[in-house]
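J.: What shape does this take:
(chains A and B)
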Amino acid sequence: MATEALGWLGVPLAIAAGTMRGGTPFLLVSLGECLTEKSGKINLGLEGTLLTGAMTAYAVSYLTQSPWSGVIAAGLAGMVLGFIHAWLTQQPRVNDVAVGIAMIIFGSGIAFFLGKPFIQPSAPQLATLALGGWSANASVQEALRISPLFIIGVLLAPTLTWFFKSTRWGLFVRAVGDSPDAALAMGISIAKVRMLSIVAGSFLAGIGGASLSLYYPGIWSERISSGQGLMAVALVIFARWQPIQCLYASLLFGGAQALGPALQSIGITQGYYLFNAAPYILTLAIMIATCSPNRKISGAPGALGTSN
Amino acid sequence: MMLDRETWRRNLESICLPVGALLLSLVLFGLFCAFAGANPFGVYESIYTAAFGSSRAWQNTLIRAAPLMLTSLCTLLPAHLGLTIIGNEGALVVGGLGAIAAGLTLQGNAPLVVQIGMALAALICGGVWIGLVGFLRHYRGVNETISSLLMNYIAIALLNHLVSGPWRDPSSLNKPSSFPIANADLLGTLPGTRIHYGLVYGIIACVLAYILIKRTTFGFAARTAGGNIRAARIAGLPVGQLTLAICFLAGSCAGLAGMVEVAAVHGRANESLNANYGYSGILVAFIARQNPLAATAIAVILGGILTSGGILQRAHNLPDATVLVFQGIVFLVVMYSESLFGRLSIFKERPGTRKVKPAAVQV
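T.: Below you'll find the predicted structure:
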């Protein structure tokens, strides 16, 4: 990285850059999870979906030499996993959380199994938009190379808010998630709405995976995701199920994630691993601060986590 | 579970469905292998040979089963209280860290003293780790599944920090590790085998857990609170204390697994401690349907499957993640089989054969 030249000033710059780079998977996965949870189901398996998406995107981008087909393929692979999750969790007496854990194991297994041959070769990456052209400083330019996926995510957040608030389908999703009985009385098929919400949410999580392998860090390896999919679930709680808040929370998490590498780049290696744990500690601290034993968190979909 | 004439169909159901689920997942896994270009029957045979084919294979399997029995209790015990805790990996890691700290501090004492010190330290570290999850759940309403998962990552970061920094043995170059435990202090093996005493710990812990959950007032109180927390509160059960106690015990079992790994397998703490025994332990607990005795048997089966990872790579050219795929398939099918309870007419009690009686406590 070119941040060494800036000395201490490089730290905030690297964190700002990392916020947008590292925040992209958080953003896409949390928007997907937000949509899923609005319909009343939890999908913990998005960690597995993220890994499968990352692997699919990288493999397809390598095989077709077209990174955008990789992105689409990652979304489709996510939809397949989402379908399994949606179908299983709508069986009677099946626990969402347990299926989610199973999907994490299954999704990461599939990703590592099929991704083995793609660890070595390098796949074409998504082109980035250089928004730092105004600055003569190379590290500022480097920091402002923005991924189109990040921009898609940023645009998606208000779109999703509008979808929930002002569209007929958004109302269906909210009704199913808040009060399945009322939804049933409206003549909505709960199973269908949840299925679509989970599959669409998984599509976004798959694309989140693509942003890992085709943008930042831009490689495929078995350690590429370090729990971003799970942190995104916690992040949705923190964001009170509001897409715009998901955007801000994702940026915060991306910044926390960039802390360790940013300090390392200016030579502070003491406690490198501890700084890397910053996002997890932050998530935990936020959950402790925002949760309460006595009431449901405001904004939580009414039927969230209840069994069929 | 008592076998009597009235409930045999239900007992049969609770054996047949998990076994059926395992068989179905074997079939699905075979199809998956066939798609990947390997002969499914060859794969089955390799797994069997590597896992249970010889006395050597059995020993490898049982060495892996020992930590699985202990880590499975970390999910299993809180499940009876209605909590889904998946911090097994983290509790194992901090247990291992506690064990190495105690083992190195007490070095020079009689081996038995050192070993007891290591075990106690591991029990306490693991217990406090998951106890904290229980505390946050009860007093702050923090979702225990997510917090325990986050704590896995924190534990692993702590391990990496300690073994590559403050606790590092300077002579460990490629793989940063702590100083090794003296050879005399390592856990011994069962006579005539390579199997270490961890297996005995695992079996004892599972039996104790069974007695605790099914045969004591404490266990009954926990299951009551797990069934209906409001009713438990009205009945005056100390739900908070129950939560803390169960979570502490759960974490200490997984912590003990970390001690076994450190004091019997690796001899020191390094990233090998983080070998996914925690995540496989979750699977054991769910397949065993949260029954501690069944967990011992499932741990042996799963230990066998984990043992076969190497041979699948060598003999069939399948990547090592094959075992992970297999575990995922088993887990999903077992989850599905859960929904079939009470839906298959063959297991339904025939009208007239069963007299009306109050809900059985032992089931």
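J.: Angles on the backbone of residue B:178, please.
T.: Per-residue torsions, residue B:178: phi -80, psi 170 (degrees, to the nearest 10).
J.: can you check residue A:129 too?
T.: Backbone geometry at residue A:129, expressed as degrees, to the nearest 10, gives phi -90, psi 120.
J.: Show me the beta-bridge partners of it.
T.: Under DSSP bridges, the beta-bridge partners of residue A:129 are residue A:146.
J.: pretty sure it is touching residue A:145, no?
T.: Yes: using CB atoms under 8 Å, residue A:129 is in contact with residue A:145, at 7.2 Å. Where you see a C-beta, it was placed from the backbone N, CA and C, and this is true even at glycine.
J.: can you tell me the average pLDDT over the top helix by length along chain A?
T.: Identified as the longest helix of chain A according to DSSP state H is helix A:10-38. Confidence for helix A:10-38, expressed as mean pLDDT, is 89.
J.: cool, stretch A:52-70 as well?
T.: Mean pLDDT, stretch A:52-70: 96.
J.: Could I have the CA atoms of that stretch written out in CSV?
T.: Output in CSV follows, covering the C-alpha atoms of stretch A:52-70 (Å, rounded to 0.1, in the frame of the first residue of the first chain):
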residue,chain,number,x,y,z
THR,A,52,-20.2,-19.8,-2.1
GLY,A,53,-20.8,-16.5,-3.8
ALA,A,54,-17.2,-15.5,-3.5
MET,A,55,-16.0,-18.8,-4.9
THR,A,56,-18.6,-18.8,-7.8
ALA,A,57,-17.8,-15.3,-8.8
TYR,A,58,-14.1,-16.0,-8.9
ALA,A,59,-14.4,-19.2,-10.7
VAL,A,60,-16.9,-17.9,-13.3
SER,A,61,-14.9,-14.7,-13.8
TYR,A,62,-11.8,-16.9,-14.4
LEU,A,63,-13.5,-19.3,-16.8
THR,A,64,-15.4,-16.7,-18.8
GLN,A,65,-12.9,-13.8,-18.3
SER,A,66,-15.9,-11.6,-17.6
PRO,A,67,-16.2,-10.4,-14.0
TRP,A,68,-19.8,-9.3,-14.4
SER,A,69,-20.9,-12.8,-15.3
GLY,A,70,-19.1,-13.8,-12.2
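J.: Can that stretch be said to contact chain B?
T.: No: if you take CB under 8 Å from any CB of the partner chain as the test, stretch A:52-70 misses chain B, and the best it gets is 10.6 Å.
J.: residues in contact with that stretch?
T.: Outside stretch A:52-70, the residues within contact range by CB atoms under 8 Å, 6 or more residues apart in numbering or on different chains are A:71, A:73-78, A:81, A:107-108, A:110-112, A:114-115, A:118, A:121-127, A:205-210, A:212-214, A:219-220, A:224-225.
J.: Please point out which parts of it sit buried.
T.: By neighbour count on 16 or more other CB atoms under 10 Å in any protein chain shown, the buried set for stretch A:52-70 is A:52-62, A:67-68, A:70.
J.: Farthest-apart pair in the residues you listed, please.
T.: Greatest spatial distance in the buried residues of stretch A:52-70: A:52 and A:68, 18.2 Å, computed using CB to CB.
J.: So residue A:258 sits against residue A:26, correct?
T.: No: with contacts counted by CB under 8 Å, residue A:258 stays clear of residue A:26, the gap being 11.8 Å.
J.: tell me the phi and psi of the residue of chain B found nearest chain A?
T.: Using CB to the nearest CB, residue B:328 is the residue of chain B that sits closest to chain A, at 2.8 Å. When read as degrees, to the nearest 10, the backbone of residue B:328 gives phi -60, psi -40.
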